[in-house]
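Student: next one to model:
(one chain, ligands or ions: 1)
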Amino acid sequence: MLSNRHHFAELARAGVVRTAGAYKLVAAESVPANVPLFSLEGELTSVPTRYTVQIDESAHIDMPDGCRFEEVLDRFFWRFMNHSCEPNTVIRDREVISLTPIEPWQEITFHYATTEYSMVEPFECRCGSSRCEGLVGGYQSLSAAGRERLRPLLSNYLLSILDGETQAPQCR
Ligand SMILES: [Zn+2]
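Tutor: Numbers count the residues shown, from 1 in each chain. Prediction:
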């Protein structure tokens, strides 16, 4: 079961906890800034859900159907990463990279609008940050200033839209 051991080695840096009725992903060890934490394992789909992560125009990472909950926790734990307007990670393709040092038990977050063009289930953010934009509806809901502020964290796909190199998705 070498492959399993490999998963667990990778996984040692993060784990899912549930408090006050909500899941979150936390660091399992102290992590410095600018290091890869884990990669987003899963299948590509063209259909986004509230749990998928967008990496290209019609490419969203999802987990396969029929996973036992233990498998979800062991391999697809990234689904429990919550949004923050001041996140401590950024997603580059499938890699989740720390932006700041992260302490054990500290929540691991990313900014949803840095990967999602449009959120399937927009929500009102209550993170309390002075930089909070309120409604988290994906990149398309950001103000022009918000887009520029997030520029360093945007996925390649969203960056190419911001720079006018890729056309934003059209209404059908
Ligand atoms: Zn916020």
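Student: give me the pLDDT for the residue nearest the centre of the chain.
Tutor: Closest residue to the average C-alpha location of the chain: F110 at 5.0 Å, with C-alpha atoms, centre = their mean. Note on F110: pLDDT of 97.
Student: any idea which helix or strand in the chain has the lowest mean pLDDT?
Tutor: helix 2-11 (a mean of 50; mean pLDDT, DSSP states H and E).
Student: around the ion, pick out the residues from this structure.
Tutor: C85, C125, C127, C132 (C-beta under 5 Å from the ion). C-beta coordinates here come from the backbone N, C-alpha and C atoms, glycine included.
Student: do that again at 8 Å, thanks
Tutor: Neighbours of the ion within the chain, by C-beta under 8 Å from the ion: 83-86, 125-129, 131-134, 136.
Student: and these as TSV, adding pLDDT, secondary structure and neighbour count?
Tutor: What follows is the residues of the chain next to the ion, written out as TSV (pLDDT from 0 to 100; DSSP: H, G, I helix; E, B strand; the rest coil; neighbours: other C-beta atoms under 10 Å):
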residue	pLDDT	secondary structure	neighbour count
H83	96	strand	17
S84	95	coil	20
C85	94	coil	21
E86	95	coil	14
C125	94	coil	17
R126	88	coil	8
C127	85	coil	16
G128	84	coil	8
S129	86	coil	12
R131	82	coil	12
C132	89	coil	15
E133	84	coil	19
G134	91	coil	12
V136	96	strand	22
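Student: how distant is stretch 113-124 from the center of its chain?
Tutor: The chain centroid and the centroid of stretch 113-124 are separated by 11 Å, computed with C-alpha atoms, centre = their mean, to the nearest Å.
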